[in-house]
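>>> fold the stuff below for me.
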Amino acid sequence: MFDMRLSHERGAAHHGWLQSKHSFSFANYWDPKQVGFSDLLVINDDNVAPSKGFGTHPHNNMEIISYVLEGALEHKDSMGTGSVIVPGDIQLMSAGRGVAHSEFNHSAQEGVHFLQIWVVPNEVNTDPGYQQIHIDEEDKRGKLHLIISPKGGEKTLSIKQDINIYSGLFDGEETAEFTIPDGRYVYLHVAKGRVDVNGKTFNTGDAARIRDGGNLSFTNGDHAEILIFDMRPEEVPTMP
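Numbers count the residues shown, from 1 in each chain. You can find the predicted model right below:
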């Protein structure tokens, strides 16, 4: 059922101030078997040194998500948006026809650890946009919370693609189940900790492609934080 990929199989980049692991081909890391899945193009697991970060640079026609695991990430962009993103916050920037932004570690003493996630949009050259919300831990504790969807909603951001993204926290006896909708693909990513999925152990950074439907059962969590991507049944991303 699982096409599993272990954490150590990911690509890696070491730039002194930045330690990054790439789930899919990115920058100098290239693997023709890892060029995304469905509409999911990038998951970069980034650790940024104090006061360091990514200087102002442009993007277009991409849905860009920042998911902070530890520390604080400072965001600025050409739309005039400025914010600090902390654990529990979800940031979604729709690059549309073009936007420039920077992402820096807000702290001069502590590192910041976050996931940068890119999703290919279903329409191009739209107006750029920015969204940010905070999801309380209790909304994810022992359950799966819908953080991003096409329509958005209460405590859910809206994205320009047919994708639903869920986040959950599992520890000790906390359990949950996820039923994969008929005809959909799922990508599972363990951001932190350890958890059993249908009896199989996933550790930090482990992931899986799931194409066969069915149910996912999450048990025996050890400070686990997971993301589930429910997507169209496409093998690799393509621009509209």
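>>> hey, let's count contacts and neighbours off CA atoms from now on
Fine.
>>> just the helices from this protein, written as ranges.
137-140 (DSSP state H).
>>> residue contacts, the residue most central in space within it?
Taking Cα atoms, centre = their mean as the criterion, residue 117 is the residue nearest the geometric centre of the chain, at 4.4 Å. The contact partners of residue 117, by Cα atoms under 8 Å, 6 or more residues apart in numbering, come to 40-44, 64-67.
>>> could you rerun that using 6 Å?
Residue 117 makes contacts with 42-43, 64-65, as judged by Cα atoms under 6 Å, 6 or more residues apart in numbering.
>>> distance of it from residue 153?
Per Cα to Cα, to the nearest Å, residue 117 is found 20 Å from residue 153.
>>> and residue 118, by the same measure?
Relative to residue 153, and taking Cα to Cα, residue 118 is found at 21 Å.
>>> the two: which is more packed in?
residue 118 (21 against 12; other Cα atoms under 10 Å).
>>> residue 42 is in contact with the more buried one, correct?
Yes - with contact defined as Cα atoms under 6 Å, residue 118 counts as touching residue 42 (4.8 Å).
>>> wait, what's in contact with residue 193?
204, 222-224.
>>> and if you look at residue 111?
Counted by Cα under 6 Å, 6+ apart, residue 111 has contacts 48-50.
>>> excluding chain neighbours, what is closest to residue 201?
Among residues not flanking residue 201 along the chain, residue 195 sits closest, at 5.8 Å (Cα to Cα, 6 or more residues apart in numbering).
>>> give me the number of residues near the one you found?
28.
>>> now do the contacts for it.
201-202, 220-221, 224.
>>> whichever of the residues you listed end up buried, select them in PyMOL.
To isolate the buried members of those in PyMOL, using 16 or more other Cα atoms under 10 Å:
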select buried, resi 202+220+221+224
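>>> out of the contacts of residue 195, flag the one nearest to residue 145.
Within the contacts of residue 195, the smallest distance to residue 145 is 14.3 Å, found for residue 224 (Cα to Cα).
>>> quick check: bridge partners of the closest one?
Taking DSSP bridges as the rule, residue 224 bridges to residue 170.
>>> residue 97 versus that one, what's the distance?
Applying Cα to Cα to residue 224 and residue 97 gives a distance of 37 Å.
>>> what of residue 193?
For residue 193 relative to residue 97 (Cα to Cα), the value is 38 Å.
>>> follow-up on the earlier one: show me what the residue nearest to residue 201 is bridged to.
With DSSP bridges as the rule, residue 195 is bridged to residue 202.
>>> residue 57 against residue 100, yeah?
Yes - between residue 57 and residue 100 there is a contact at 5.1 Å, judged by Cα under 6 Å.
>>> of these two, who's got more company?
Legend: neighbour count by other Cα under 10 Å for residue 57 and residue 100, higher for residue 100 (15 against 12).
>>> give me the pLDDT for the nearest residue to that one once chain neighbours are set aside.
Computed as Cα to Cα, 6+ apart, the closest residue to residue 100 that is not its neighbour in sequence is residue 58, at 4.1 Å. We have a pLDDT of 96 for residue 58.
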